[in-house]
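K.L.:
build me a model from this:
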Amino acid sequence: MPSWRKQASPNKSIEAALAIAGIPASRIEVSIPKAKESTEPFTLSRAFIVELGQKLRAHHILFQALPYTDDAGVYTELADLGLMSFATDHPDVAMREMKNYYDRKHSAPKS
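P.N.:
Take a look at the predicted model:
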């Protein structure tokens, strides 16, 4: 097995968590819940999305979201959680919001 393939595989705790949840290791769905009973904006918690993103990046695995929405706020929220790659039916909205997001981020005063 090539060394890059070994480096790219997620650690056992992620694989175990996905197996327990019955989720294929190649796909984790984060969607907007239909019912607004939760304080979370997505079907997976913010904390889970952040932690998973950090672990995947540590293994050089792209964490991509597929937000099929024209709601610019969804892209901002996902970017705040650490996602940097989007596949969408609304690339104009995603590109505009990501440009605005990084413009705001770079122009914010340093603390």
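K.L.:
other SSEs contacting the helix or strand hosting Y75?
P.N.:
Following DSSP states H and E, one finds Y75 within helix 72-80. Under the contact definition 3 or more C-beta pairs under 8 Å, 6 or more residues apart in numbering; DSSP states H and E, helix 72-80 sits against helix 91-107. Bear in mind the C-beta positions are built from the backbone N, C-alpha and C, glycine included.
K.L.:
next, the buried residues of the helix it packs on.
P.N.:
Within helix 91-107, the residues scored as buried using 16 or more other C-beta atoms under 10 Å are 93-94, 97-98, 101.
K.L.:
list just the nearest of those to P41.
P.N.:
Distance to P41 across the buried residues of helix 91-107 (C-beta to C-beta) is lowest for E97, with 14.9 Å.
K.L.:
pretty sure that closest one contacts D70?
P.N.:
No: using C-beta atoms under 8 Å, E97 is not in contact with D70; the gap is 10.1 Å.
K.L.:
which residues of the protein fall in helices?
P.N.:
Secondary structure of the chain (DSSP state H): helices at 3-8, 12-21, 46-58, 72-80, 91-107.
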